[in-house]
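**Student:** Mind folding the following:
(one chain, ligands or ions: 1)
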Amino acid sequence: MTLVRFHKADGTLDKEVEAKAGQRLLDVAWAASQPLEGACEGVMACSTCHVIVEAEDFAKLPPASDEEEDLLDIAAHVTRTSRLACQIMLTKELESLSVRMPPGSRNWMGR
Ligand code: FES
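**Tutor:** Modelled structure (predicted):
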């Protein structure tokens, strides 16, 4: 089980949920009614699943692929600890994960 904490863009805690190993963070976020569009449903074509990961937790995640980095380059409000929620798989080693919603997103599909 991973305890996932979703924070609003202003940093306040919105929801704390338990998720199973093997779940995608995007699916956990949707189940927790988080405002992540995930327009491409996880095929890395939109960047609307962008989340800002708490620095301590960011270091525990496997590094982003080149494709993910390329999409993050064009996402809105990107920070050094930004990730795509569709690319984060929860593992049993990951006891907790805190993420914050960015103040907005940009959908690059259909351009
Ligand atoms: Fe589109 Fe993650 S859902 S890039």
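**Student:** Give me the mean pLDDT for stretch 59-70.
**Tutor:** Stretch 59-70 carries an average pLDDT of 97.
**Student:** Say whether the ligand is contacted by that stretch.
**Tutor:** No: Stretch 59-70 lies apart from the ligand when judged by CB under 6 Å from any ligand atom; the minimum separation is 8.0 Å. Where you see a C-beta, it was placed from the backbone N, CA and C, and this is true even at glycine.
**Student:** Quick one: residues in contact with that stretch.
**Tutor:** Stretch 59-70 has contacts (CB atoms under 8 Å, 6 or more residues apart in numbering) with Met44, Val53, Leu72, Arg83, Leu84, Gln87, Ile88, Glu93, Leu94.
**Student:** What about those, which are in strands?
**Tutor:** Assigned to strands by DSSP state E, the following of those qualify: Val53, Arg83, Leu84.
**Student:** Strands of this structure, residue ranges please.
**Tutor:** Under DSSP E, the chain gives strands at 2-7, 13-19, 50-53, 82-84, 96-100.
**Student:** Out of the ones you listed, which is closest to the ligand?
**Tutor:** Closest to the ligand of the strands of the chain is strand 82-84 (CB to the nearest ligand atom; 4.5 Å).
**Student:** Show me what that closest one is packed against.
**Tutor:** strand 50-53, helix 66-74 (3 or more CB pairs under 8 Å, 6 or more residues apart in numbering; DSSP states H and E).
**Student:** Give me the buried positions along the lowest-mean-pLDDT helix or strand in the chain.
**Tutor:** When each helix and strand of the chain is scored by mean pLDDT, DSSP states H and E, helix 66-74 comes last, with a mean of 95. Buried residues in helix 66-74, defined by neighbour count with 16 or more other CB atoms under 10 Å: Glu68, Leu71, Leu72.
**Student:** interface residues of the chain facing the ligand?
**Tutor:** Going by CB under 6 Å from any ligand atom, the residues of the chain near the ligand are 26, 38-42, 44-49, 71, 84, 86.
**Student:** Just list the residues touching the residue nearest in space to the middle of the chain, thanks.
**Tutor:** Nearest to the mean C-alpha position of the chain, by CA atoms, centre = their mean, lies Ala85 at 2.8 Å. Taking CB under 8 Å, 6+ apart, we find Ala85 in contact with Arg24, Leu25, Leu26, Ala29, Leu36, Gly38, Cys49, His50, Val51, Val99.
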